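In: no FASTA, just this:
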């Protein structure tokens, strides 16, 4: 997969995307990520990429032409039109299911907005979809773009050491992740669950699955509607939610 970011702060993005797992994946060639300075495509001597809005109002708006020129440049480099995403509080909230869908794309371009947003015409003409990382407003689109890039890169072959690394994580299968423990076996008088050092892999798998259902029911019961559960797991979750509601009422 190739991901291109259109941004006013490429150095900020590079600082994050050059480190840790994503940085190693880029260096190994498992994924390609490019950060483009939008001001390089401005067409006046001051490299302006914003102007006042028609109709009045506070703040400035990002100009359509520099964005269009930058995106067209990326299209020429790629050889086709990438799937173009605008990071915006107006977009649909990012989920693991959306990430699975996006992971099938070979080329993705992310537009990081600033100021009061972007001229609507460039959104109508070029952008395929708008995505938000939550129902709140940030200073710019770089942080959401970094979140999307990091979470999407993890799903690409060769980025993590094994597919199981992400398939067993929270949200991947609609449930939160089970509790995990490391050495020492007893820490400050607290032991780990007995099943985890029995060496019985099937019992451990069953325990982890049950714990995922319990944790999700306790912390994010809203996720259970979309999770695939057995009848027994559904009954367990409903009992946990019922007990929690009774406790809160008391």
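Out: Received the coordinates, thanks. Because the structure is a prediction, the values reported are computed rather than measured.
In: for the most centrally placed residue in the chain, pull up the helix or strand it's in.
Out: Nearest to the mean C-alpha position of the chain, by C-alpha atoms, centre = their mean, lies residue 148 at 3.5 Å. For residue 148, the enclosing helix or strand under DSSP states H and E is helix 142-153.
In: list the buried residues for that helix?
Out: Buried residues in helix 142-153, counted by 16 or more other C-beta atoms under 10 Å: 142-149, 151-153. C-beta coordinates here come from the backbone N, C-alpha and C atoms, glycine included.
In: equivalent analysis for stretch 106-117, please.
Out: Neighbour count says stretch 106-117 has 107-115, 117 buried, by 16+ other C-beta under 10 Å.
In: ok, now stretch 89-99?
Out: Buried residues in stretch 89-99 (16+ other C-beta under 10 Å): 89, 91, 94, 96, 98-99.
In: the longest strand along the chain to helix 142-153, inter-axis angle?
Out: When the chain is parsed with DSSP state E, its longest strand is strand 83-93. Counting by axes from the mean of the first three to the mean of the last three C-alpha atoms, to 10 degrees, strand 83-93 lies at 110 degrees to helix 142-153.
In: what pairs with strand 83-93, and is each one parallel or antiparallel?
Out: Looking at strand 83-93 with DSSP bridges, its partner strands are strand 107-112 (parallel), strand 129-132 (parallel).
In: after it, which helix or strand is next? Please name it.
Out: Per DSSP H and E, strand 83-93 leads on to helix 96-102 as the next helix or strand towards the C-terminus.
In: that following helix packs against which elements?
Out: helix 142-153 (3 or more C-beta pairs under 8 Å, 6 or more residues apart in numbering; DSSP states H and E).
In: and for the helix it packs on, what's in contact with it?
Out: 1, 3, 5, 7, 9, 12-13, 16-17, 21-22, 25, 31, 33, 85, 87, 94, 99, 102-103, 108, 110, 112, 131-133, 138, 159 (C-beta atoms under 8 Å, 6 or more residues apart in numbering).
In: low pLDDT regions in the chain?
Out: 162-172 (pLDDT under 70).
In: residue ranges of the helices in it, please?
Out: Counting by DSSP state H, one finds helices in the chain at the ranges 10-17, 20-28, 64-78, 96-102, 120-126, 142-153, 164-167, 201-219, 231-249.
In: residue contacts, residue 114?
Out: Residue 114 touches 8, 50, 62, 139-141, counting by C-beta under 8 Å, 6+ apart.
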